[in-house]
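**Q** here are the coordinates; sequence isn't available:
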């Protein structure tokens, strides 16, 4: 039986560790991937050693495989169900006893950063907007952001911006950029008066973000961004941060304590907001983006709350070059309820 990096679903393992394990080209027996680099599972035992040590046995805890799924987003391949993930982890550890025990995170690695963010968030929204008494650990957050930088190989250079057509002729390309400062209203990432350029990864995503009605027409402008753009990817921090490349157990343990905090920050930019409360509900994500901007980044990527693609809030609109405008008609709007 041989496995591949796709089975485990960790970027650091796939890019930095797996190639050094002397893999061979073949088919994976666990996720059925073909013509991929594969190794015998037990070769990964030492790789998982430090990660396991940030958990301790507790009968009220979870199986290790579930800890890795919940905390680090592992084993998310469509062919890897929980039972198959358990079998793979058993084969990796070569120890069915430890794989069958229940674990909890080691308490000494717990952090209060999520709780501090929640206090700051509430104060920014309802008490003190500009001089809050609550604080977050800015130095630590600045350090954590470095793990969320999207590499040039994974960062698209083609993006799209949409506007509902409110006139008889399509908008000119010059009219498809960020609004002037005086007309810039509050957005998910920007405060009023500070225009950012909001872009979608596809034309469909860009149109979905402007909440069209069936039958309306929209103009979509394509933009090109440079490959050296430095952006923070908040779509799924659990997947972006690899415990296998962090180093020692302490680094892994404290990151596990902070991973929920990072995931919550990603939720701030994705959480659906109704228009009548947007001015207040957007304040925490605006504060977060201002901090990211101050740390020297060009923008932030986040999941679309209304589509399947991703969005880019570009802090400096001049970094994107407009190319052409295409007009679309919205043929159908889908609604889901719960």
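**A** Arrived safely, thanks for sending. The structure presented is a predicted model; accordingly, all values stated were derived computationally and were not measured. Numbers count the residues shown, from 1 in each chain.

**Q** In three-state terms, label residue 327 for me.
**A** Following DSSP: H, G, I helix; E, B strand; the rest coil, we place residue 327 in the strand state.

**Q** list the contacts for the spatially closest residue to it that is not a sequence neighbour?
**A** Closest residue to residue 327 in three dimensions, ignoring its sequence neighbours and counting by Cβ to Cβ, 6 or more residues apart in numbering: residue 170, at 4.9 Å. (C-beta placed from N, C-alpha, C; glycine too.) For residue 170, the contacting residues are 219, 325, 327, by Cβ atoms under 8 Å, 6 or more residues apart in numbering.

**Q** Run through the stretch 201-338 of the chain and note the low-pLDDT ranges.
**A** Nowhere does the stretch 201-338 of the chain drop to pLDDT under 70.

**Q** Show me the helices in it, by range?
**A** 203-209, 237-240, 249-270, 278-281, 283-294 (DSSP state H, counting those that start in this stretch).

**Q** wait, which of these is closest to residue 153?
**A** Nearest of the helices of the stretch 201-338 of the chain to residue 153, taken as Cβ to Cβ: helix 237-240 at 13.9 Å.

**Q** Packing partners of the closest one?
**A** Helix 237-240 is packed against helix 64-72, helix 249-270, with contacts defined by 3 or more Cβ pairs under 8 Å, 6 or more residues apart in numbering; DSSP states H and E.

**Q** The longest one vs helix 64-72, what angle?
**A** It refers to helix 249-270. Relative orientation of helix 249-270 and helix 64-72, computed by axes from the mean of the first three to the mean of the last three Cα atoms, to 10 degrees: 60 degrees.

**Q** What residues does the residue lying closest to residue 202 once chain neighbours are set aside make contact with?
**A** Using Cβ to Cβ, 6+ apart and skipping the chain neighbours, the partner closest in space to residue 202 is residue 309 (4.8 Å). Going by Cβ under 8 Å, 6+ apart, residue 309 touches 200-202, 204-205.

**Q** What are the phi and psi values at residue 309?
**A** Main-chain dihedrals, residue 309, degrees, to the nearest 10: phi -90, psi -160.

**Q** What's the separation between it and residue 203?
**A** Distance, residue 309 to residue 203, by Cβ to Cβ, to the nearest Å: 9 Å.
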